[in-house]
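K.L.:
whatever this is, show me its structure:
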Amino acid sequence: MNFEKFIRDIPDFPKPGIIFKDITPLLADPEAFKGVIDEMAEKVKDIEFDAILVPEARGFLFGSALAYKLGKKLVPVRKPGKLPYEVVEVSYALEYGEAKIQMHKDALEKGEKVLIVDDVLATGGTIKAIQTLVEKLEAEVSGIICLIELEFLNPREKLDNVRVESILKY
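P.N.:
Numbering: from 1, shown residues only. Below is the predicted model of the structure:
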């Protein structure tokens, strides 16, 4: 299936000069969404992992469907103040400032292997921060899969020694 036809370019969003890749047409088409999840499952079938980690909010869409399909544990990674139990936290740099992400401190066990699932891999900053959270809990990132990879931003440079898969590349 040609998934690219379900991705809409929105110029100057969220600010001038950015071309936003809108995934909502893909989500609105049941066959396209199912096809993407099936293709993600195929791309990671030879990666050994116990859990799927998903950053809010769009990562939840793809990661939860993939966790269901593969029968894997699902771990949400959230912004501060969204998780009710004790958390581990990491700060990371954004283009203009800093952000923090958290997950429950008991979300992973020592040595557990995880797959990170998100909608877009842009600069790699968020995924690198998630890797740091995983390492704080003495677990291991086995791989990363995203719907869209923005290759022109060179995100893989930040993600050393980790297998990265993507469905669409721009």
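
K.L.:
tell me, how many neighbours does the closest residue to Val117 other than its chain neighbours end up with?
P.N.:
Sequence neighbours aside, Gly63 is the residue nearest to Val117 in space, at 3.7 Å (criterion: Cβ to Cβ, 6 or more residues apart in numbering). Yep, even glycine has a C-beta here, placed from its N, CA and C like the rest. Close neighbours of Gly63, defined as other Cβ atoms under 10 Å, add up to 27.

K.L.:
for Lys128, see how far away Gly63 is.
P.N.:
Spatial separation of Gly63 from Lys128 under the definition Cβ to Cβ, to the nearest Å is 17 Å.

K.L.:
Lys82 now?
P.N.:
Lys82 is 20 Å from Lys128, by Cβ to Cβ.

K.L.:
more neighbours: which of the two?
P.N.:
Lys128 (19 against 12).

K.L.:
so is the most centrally placed residue in the chain in a helix, a strand, or just coil?
P.N.:
The residue lying closest to the centre of the chain (Cα atoms, centre = their mean) is Asp118, at 2.1 Å. What DSSP: H, G, I helix; E, B strand; the rest coil gives for Asp118 is strand.

K.L.:
check contacts around the nearest residue to it once chain neighbours are set aside.
P.N.:
Of all residues not flanking Asp118 in the chain, Gly59 sits nearest, at 4.1 Å (Cβ to Cβ, 6+ apart). Gly59 is in contact with Val77, Val117, Asp118, Asp119, counting by Cβ atoms under 8 Å, 6 or more residues apart in numbering.
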